[in-house]
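The following block contains a protein sequence and its predicted model.
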Amino acid sequence: MAERLLGALAFVLLLTFTCLGAVPASTQAQAPEYRVKAAFVYKFSDYVEWPSEAFANPNSPLVIGVVGADTLADELARIASGRTVGGRPVAVRKLRYGEPLSGLHVIFLGQSTSKQLTAALVASKGHTALTVTESADGIRLGSMINFVVESDKVRFDVALASAEASRLKISSRLLAVARNVVASPP
């Protein structure tokens, strides 16, 4: 419990400093963008509530699929190694665009063409999976969380309607540190 609270506090502090611009550019230069995004993707799952049927059983792992971003997947696997989210172990799967997205709870869609991104977001519909993108059109195309780099800082926008359509509940604590929260469908 104490480890989870410390992790949550560290995440909130990181987000606060990032959002307020208190992280110097030199610090961000030392931590490549993919490392920051991997840490965010891992911590996002602490602030999302999935419906019970999203997991096969109470001991099922939380599965994060990373599509088209192997470097981020490797960093995410390193971060998640030996850790849990909501008492569940975390598993990271590397995928390519066009592969099935079933069995995933979080889906990170790396840089791609608009056509690939659209197809992947359409394929994720009907799954209880949090979708995270890094595209200028991510939210408009149906992503739930989209990374943006603004003034050399990684920030993110949240689309509540997309999350609610997949029966996911995003914590107000995560919404409080988002750059933008889009309440209605784009």
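All right, it came through fine. Numbers count the residues shown, from 1 in each chain.

From here on, just use CA atoms for contacts and neighbour counts.
Will do.

Tell me which helix or strand the spatially closest residue to Asp70 that is not a sequence neighbour sits in.
Counting by C-alpha to C-alpha, 6 or more residues apart in numbering, Lys94 is the residue found nearest to Asp70 once chain neighbours are left out, at 6.5 Å. According to DSSP states H and E, Lys94 maps onto strand 88-95.

List the buried residues in that strand.
89-95 (16 or more other C-alpha atoms under 10 Å).

now the angle between strand 88-95 and the helix or strand hosting Thr71, please.
Here Thr71 sits within helix 70-80, counting by DSSP H and E. Counting by axes from the mean of the first three to the mean of the last three C-alpha atoms, to 10 degrees, helix 70-80 lies at 170 degrees to strand 88-95.

for the next helix or strand after helix 70-80, what is the average pLDDT?
Scanning forward in sequence from helix 70-80 by DSSP H and E, the next helix or strand is strand 84-85. Averaged across strand 84-85, pLDDT comes to 93.

picking up where we left off before, point out the other helices and strands that the helix holding Thr71 packs with.
When contacts are defined as 3 or more C-alpha pairs under 8 Å, 6 or more residues apart in numbering; DSSP states H and E, helix 70-80 sits against helix 33-44, strand 88-95.

Return the distance of it from the chain's centre.
The gap between where helix 70-80 is centred and where its chain is centred comes out at 13 Å by C-alpha atoms, centre = their mean, to the nearest Å.
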